[in-house]
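S.K.: Pasting a predicted model and its sequence here:
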Amino acid sequence: MTQHNDVPPQILPRRIVQIVPSVEPGRGVEAVAYHLEQEWQRLGIETARFTLVEAHGRWLPDPGPGVVGKMTLAARVFWFTTVGSFMAARFLAHQPRGTVSVCHNDVLVGDVYVNHGIVAEAMRARGHSLLRMVRNPLHLFTWLRDALRYGLGLHQRVVNLTGVEDGILRRTYPRVRPPSVVIGNGVDTDRYQPDPEDRVAYRRRLGLAEDDAVAVFVGHEFGRKGLPVVLQAMDGEPHDILHLVVVGGTPDMITQAARDADLHGVGPRVHFVGEQLDPRPYLHLSDFMVFPSAYESYGLVVLEAMACGLPVVATRVGCVPEVIDDGVNGIVVEPSADSVREGIRRMLTADLSGMGIQARRAAEDHSWSRIAREYVGMFAAVLSEKAR
């Protein structure tokens, strides 16, 4: 594993091609590619994209909820992995000398592969991993595909988002051939920042008083990201004053989670707002975030919350060990109801304003400008090797 310092590069790529199903602002891998593209362009580097459109996959719809949505997602992954790999190789063959290609998803070509998560580790963290893998053919396909990716050395570099993830990668795929580096994700500190005005207005929309204690949970996969644990932790004193705003989830997931909240006797204090293109209003109205995830390759939502001035109660996953200083800008907990309950208790009695200031300062150290320059520093070595 190699580290690259944030220094001005000696060699700039002529062009950077990103390989990803789509590039767009918002959330997820697509947003990572978007922010990197914007920063590289500011450095004067030409950029290009190879997306599902270039792979002639425009006919594949966006995944929706339910079984049909899972089948659609599987079709997109399979298409971008197979047809996409073939067509991306042809696309890259026509790029000018001095081009560096960065693959974020599925496709099995590219100078650099960014590891945005290891499916086997996500299953292992939740328990009964073999059953979960067998039950979902897409998980098996992804595991086998990436075994080929890492074992055959299809890329010159692998980027892991944290040092912990680098270790997990080598434990899961012991025959990783490409050298790996650690470069985290960034956060848009201009877009994500404290906004006291939103706090009052959006609390009113949800029927919340200005002095209510409010936590926010943001995540689509309720089970893996720990919502059931949070609901259990809210059951009983001193948390009978806490409201929880839940951002994300499909209608089916929300229905089940609402039933669980009622079973724990906390239903009236849990407010489901569904999937949101912009989570900022719900971050702004909250006092802190609670995020006891079982596994994250990075957990960008933690940084987004901190950039909005929210301290975070979170488990030791993804970026948490690197950005949260326990008791200073957040609380680190274990993925159990008892531990999360204690973390919430500590947060409710803490100086939230002071912790929020420290959370914002920590987020400011992870700007996209800095992250983009770290990539460019690594590209210099890739270009030097390609020129040999």
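M.R.: Received the coordinates, thanks. No experiment lies behind these values; they were computed from the predicted model shown.

S.K.: From the contact counts, what lies against the longest helix anywhere in the chain?
M.R.: Across the chain, the longest stretch assigned as helix under DSSP state H is helix 66-93. If contacts are counted by 3 or more CB pairs under 8 Å, 6 or more residues apart in numbering; DSSP states H and E, helix 66-93 sits against strand 15-19, strand 46-50, strand 99-103, helix 137-151. For glycine as for every other residue, the C-beta is placed from the backbone atoms N, C-alpha and C.

S.K.: Show residues contacting the lowest-mean-pLDDT helix or strand in the chain.
M.R.: Least confident helix or strand of the chain, by mean pLDDT, DSSP states H and E, is helix 129-135 with a mean of 71. Residues outside helix 129-135 that contact it (CB atoms under 8 Å, 6 or more residues apart in numbering): Val119, Ala120, Met123, Arg126, His139, Leu140, Trp143.

S.K.: now stretch 295-303
M.R.: With contacts defined as CB under 8 Å, 6+ apart, stretch 295-303 is touched by 27, 32, 115-118, 121-122, 124-126, 161-162, 165, 184-187, 218-219, 224, 279, 289, 291, 293, 312, 314, 317-320, 323-324, 363, 366.

S.K.: With stretch 78-94 instead?
M.R.: Contacts with stretch 78-94, where a contact means CB under 8 Å, 6+ apart, come from 17, 19, 21, 50, 52, 54-57, 60, 99, 101, 103, 105-110, 141, 145.

S.K.: pLDDT (mean, whole number) over it?
M.R.: Averaging pLDDT along stretch 78-94 gives 97.

S.K.: Kindly format the C-alpha coordinates of it as CSV.
M.R.: Only the C-alpha atoms of stretch 78-94 are listed here, as CSV (Å, rounded to 0.1, in the frame of the first residue of the first chain):
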residue,chain,number,x,y,z
PHE,A,78,-24.3,-7.5,-16.0
TRP,A,79,-24.5,-5.3,-19.1
PHE,A,80,-21.9,-2.8,-17.9
THR,A,81,-19.6,-5.6,-16.8
THR,A,82,-19.7,-7.6,-20.1
VAL,A,83,-20.7,-5.4,-23.0
GLY,A,84,-19.3,-2.4,-21.2
SER,A,85,-15.8,-3.9,-20.7
PHE,A,86,-15.6,-4.8,-24.4
MET,A,87,-16.7,-1.4,-25.6
ALA,A,88,-14.7,0.5,-23.0
ALA,A,89,-11.5,-1.2,-24.1
ARG,A,90,-12.3,-0.1,-27.7
PHE,A,91,-13.0,3.5,-26.4
LEU,A,92,-9.7,3.7,-24.5
ALA,A,93,-7.7,2.4,-27.5
HIS,A,94,-8.6,5.6,-29.3
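
S.K.: in the chain, what spans have low per-residue confidence?
M.R.: 1-10, 128-129, 237-239 (pLDDT under 70).

S.K.: Mark out where each domain of it begins and ends.
M.R.: Here the domain parsing of the chain from automatic domain parsing is 15-186+367-386, 196-364.

S.K.: would you list those in CSV and tack on mean neighbour count?
M.R.: Formatted as CSV, these follow (neighbours: other CB atoms under 10 Å):
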stretch, mean neighbour count
domain 15-186+367-386, 18
domain 196-364, 19
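
S.K.: Who's the closest spatial neighbour of Val119, skipping the chain neighbours?
M.R.: The shortest distance from Val119 to any non-neighbouring residue, by CB to CB, 6 or more residues apart in numbering, is to Thr142 (4.8 Å).

S.K.: Check the gap between the one you found and Ala89 for me.
M.R.: To Ala89, Thr142 is 20 Å away according to CB to CB, to the nearest Å.

S.K.: again with Asp198
M.R.: Taking CB to CB as the measure, Asp198 falls 46 Å from Ala89.

S.K.: tell me the contacts of Asp106?
M.R.: Going by CB under 8 Å, 6+ apart, Asp106 touches Pro21, Val77, Phe80, Thr81, Gly84, Ser85, Arg145.

S.K.: hang on, isn't the first one packed against Leu52?
M.R.: Yes: in this structure, Pro21 sits in contact with Leu52. The criterion is CB atoms under 8 Å, and the distance is 4.5 Å.

S.K.: Report the set of residues contacting both of the two.
M.R.: Counting by CB under 8 Å, 6+ apart, the shared contacts of Pro21 and Leu52 are Arg76, Phe80.

S.K.: Give the other helices and strands that the strand or helix carrying Arg224 contacts.
M.R.: For Arg224, the host element (DSSP states H and E) is helix 222-225. Applying 3+ CB pairs under 8 Å, 6+ apart, one finds that helix 222-225 contacts helix 119-126.

S.K.: for the helix it packs on, the distance to its chain's centre please.
M.R.: Between the centre of helix 119-126 and the centre of its chain there are 15 Å (CA atoms, centre = their mean, to the nearest Å).

S.K.: repeat for stretch 23-34
M.R.: The chain centre lies 10 Å from the centre of stretch 23-34; the measure is CA atoms, centre = their mean.

S.K.: Is Gly57 in a helix, a strand, or coil?
M.R.: Under DSSP: H, G, I helix; E, B strand; the rest coil, the three-state class of Gly57 is coil.

S.K.: What's the separation between the nearest residue to it once chain neighbours are set aside and Lys70?
M.R.: With CB to CB, 6+ apart as the criterion, Gly57 has its nearest non-adjacent residue at 4.9 Å, and that residue is Trp79. Going from Trp79 to Lys70 by CB to CB gives 15 Å.
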